[in-house]
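below: sequence and its predicted model.
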Amino acid sequence: MGEVLEDRAAAPAGAGTPGPGGGREAERVIEARGVAMRFGTRTLFHDVSFGVSRGEVFVILGGSGCGKSTLLKIMIGLYEPTAGEVTILGGDLATAGGEVRRNLLRRLGVMWQSGALFGSMTLLENVMLPLEAHTDLPREAREAVARVKLGLVGLGDAESRLPAEISGGMAKRAGIARAMALDPPILFLDEPSAGLDPVTSAGLDQLIKDLARDLGTTFVVVTHELQSILAIGDRCIMLDKEAQGMIAEGDPRHLRDEPPNDTVRRFFRREVA
Ligand SMILES: Nc1ncnc2c1ncn2[C@@H]1O[C@H](COP(=O)(O)OP(=O)(O)OP(=O)(O)O)[C@@H](O)[C@H]1O
């Protein structure tokens, strides 16, 4: 998945102040309307609608198998929904083709659960890959950009290491650095805390918050880790397997304190216990 250089210029005329909590209405970078997904005869979810504002950390939460990763894949154009539509940075990946689709995809950064680094390449070379694929920058410039990205995620001293020589937390950070190589306005993270110990996971949460604040990057994070949800989420939606859809939307701390239904209450209580 791509990632690309310019983005802030993509704001439509009249867009509001970026980031949550601004005085004016924040610009919506993702709009999902009535999205449904079915696999065979099984409906995973239906009627899912939400918006993501520029600069916010938006969390998709819910129990195992409720369709979080599937929704993420719909947002980045890997799956076409069975009903409804998703507009991302003003385009619709389900209908966009050719150059329009490629340009759109290049402006989305994705880090998969595994980190998906190439084992035979150093961290620097891994982060340089998107730059090789999508820019004409000479090698020295690609190295310089990749170094900046590794520095941003706290891996400035580890550029020569191979993925096998680093910890799980470092691999996640390197995956984020690579996803950021082309300065995407939106970064998608699939279960970033999976497999990490609580301390490392908290460090990764802090990194996500810092990047959102310092770079204005919008994050869409799929997770069921309660501590992460509460630490990073400006807003969230909760999917539910039995309800086959969305059962809550809002500030995660608010949902924890005033759950709108029993399923949300149980989700937060169970995870805390
Ligand atoms: N391409 C596919 N074809 C058929 N079924 C699929 C496909 N992709 C996902 N599913 C099914 O949809 C359900 C939801 O999967 P998904 O990975 O979206 O859930 P999730 O909420 O991210 O779960 P987890 O937290 O366990 O990763 C699962 O039962 C999965 O088997």
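That came through fine.

when you work out contacts or count neighbours from here on, use the C-alpha atoms and nothing else.
Will do.

anything in stretch 216-230 near the ligand?
No: residues of stretch 216-230 contacting the ligand under C-alpha under 6 Å from any ligand atom: none, with a closest distance of 6.7 Å.

can you check stretch 194-212 too?
No: using C-alpha under 6 Å from any ligand atom, stretch 194-212 never reaches the ligand; the gap is at least 9.9 Å.

pLDDT on that stretch, on average?
Stretch 194-212 carries an average pLDDT of 87.

what comes up buried for it?
Under the neighbour-count criterion of 16 or more other C-alpha atoms under 10 Å, stretch 194-212 has 194, 200, 201, 202, 204, 205, 207, 208, 209, 210, 211, 212 buried.

any chance of CSV for those, columns secondary structure?
CSV is the format used below for the buried residues of stretch 194-212 (DSSP: H, G, I helix; E, B strand; the rest coil):
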residue, secondary structure
194, coil
200, helix
201, helix
202, helix
204, helix
205, helix
207, helix
208, helix
209, helix
210, helix
211, helix
212, helix
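
mind putting these into CSV with distance to residue 74?
As requested, these are exported to CSV (distance: C-alpha to C-alpha, whole Å):
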residue, distance to residue 74
194, 21
200, 29
201, 26
202, 28
204, 25
205, 24
207, 26
208, 22
209, 25
210, 27
211, 24
212, 23
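
near the ligand, which residues of the stretch 51-200 of the chain are found?
So the stretch 51-200 of the chain meets the ligand at 63, 64, 65, 66, 67, 68, 69, 70 (C-alpha under 6 Å from any ligand atom).

quick one: the helices in the stretch 1-150 of the chain, in order.
For the stretch 1-150 of the chain, helices defined by DSSP state H, counting those that start in this stretch occupy the ranges 68-75, 98-105, 123-134, 139-152.

which residues are contacting the last one?
Right, helix 139-152. If you take C-alpha atoms under 8 Å, 6 or more residues apart in numbering as the criterion, helix 139-152 is touched by 124, 127, 128, 131, 132, 156, 159, 174, 177, 178, 180, 181.

neighbours around the closest residue to the fourth one other than its chain neighbours, how many?
Sequence neighbours aside, residue 142 is the residue nearest to residue 131 in space, at 6.3 Å (criterion: C-alpha to C-alpha, 6 or more residues apart in numbering). Residues near residue 142, counting by other C-alpha atoms under 10 Å, number 22.

if you rank the residues of the stretch 51-200 of the chain next to the ligand by neighbours, which is first?
In those, the most neighbours by other C-alpha under 10 Å go to residue 68, 26 neighbours.

and that residue, how far from residue 162?
Plainly put, residue 68 is 31 Å away from residue 162 if you go by C-alpha to C-alpha, to the nearest Å.

could you do residue 40 as well?
From residue 40 to residue 162 the distance is 41 Å (C-alpha to C-alpha).

same question for residue 60.
Residue 60 is 32 Å from residue 162, by C-alpha to C-alpha.

compare those two (neighbour count), which wins?
With neighbours defined as other C-alpha under 10 Å, residue 60 and residue 162 compare such that residue 60 has more, 25 against 19.

name the nearest residue to that one, ignoring sequence neighbours.
Going by C-alpha to C-alpha, 6+ apart, residue 60 has residue 222 as its nearest residue, at 4.8 Å.

what sits against the one you found?
Residue 222 neighbours (C-alpha under 8 Å, 6+ apart): 59, 60, 61, 68, 69, 72, 188, 189, 190, 191, 192.

which of those sits closest to residue 264?
Ranked by distance to residue 264 (C-alpha to C-alpha), these are led by residue 61 at 10.4 Å.

wait, doesn't residue 76 sit right on residue 94?
No: Residue 76 lies out of contact with residue 94 (C-alpha atoms under 8 Å); the separation is 9.3 Å.

how's this structure carved up into domains?
8-107+185-272, 114-181 (automatic domain parsing).

lowest average pLDDT across these?
Among those, domain 8-107+185-272 scores lowest, at a mean of 86.

centre of the chain to it, how far?
Distance of domain 8-107+185-272 from the chain centroid (C-alpha atoms, centre = their mean, to the nearest Å) equals 7 Å.

tell me where the stretch 51-200 of the chain has strands.
Secondary structure of the stretch 51-200 of the chain (DSSP state E, counting those that start in this stretch): strands at 57-61, 83-88, 108-111, 186-190.
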